[in-house]
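In: sequence plus predicted model, see below.
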Amino acid sequence: MPPPAAEPEFTEQQLRAYTGERGYPMYIAYAGVVYDVTRCPKWRLGLHERLHWPGQDLTAELGDAPHSAGVFGHPCVKRVGRLVAR
């Protein structure tokens, strides 16, 4: 059996391109993981709860949210890579 493929890595600068514009999906990061939220109803307008834009690391924002990190387990959220510092 072949080894698992390495997970894609994104810098914060690369993450900023994933805003749902110009054919890109909507990605956000939390705790070093990058997620695709393109198909999530709460992100469909490209803005989550009138507070958060895609293409950002939202780790620092979760403490103020009315929900836990459990939202990243919703079926519409897909893990797509890791956020790395470069």
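Out: Perfect, thanks for sending it. Residues are numbered from 1 along each chain as shown.
In: neighbours of the residue nearest to residue 78 when sequence neighbours are not counted, how many?
Out: Taking CB to CB, 6 or more residues apart in numbering as the measure, residue 78 lies nearest to residue 36, with 4.3 Å between them; neighbours along the chain are not counted. From N, CA and C alone the C-beta is placed, and that goes for glycine too. The criterion is other CB atoms under 10 Å. On that basis, residue 36 has 19 neighbouring residues.
In: isn't residue 36 right up against residue 80?
Out: Yes - contact status for residue 36 versus residue 80: in contact at 4.9 Å, counting by CB atoms under 8 Å.
In: who touches both of these two?
Out: residue 27 (CB atoms under 8 Å, 6 or more residues apart in numbering).
In: count of residues packed around the closest residue to residue 84 other than its chain neighbours?
Out: Leaving out its chain neighbours, the residue that sits closest to residue 84 by CB to CB, 6+ apart is residue 9, at 4.6 Å. Other residues near residue 9 come to 12 when the count uses other CB under 10 Å.
In: all set, thanks.
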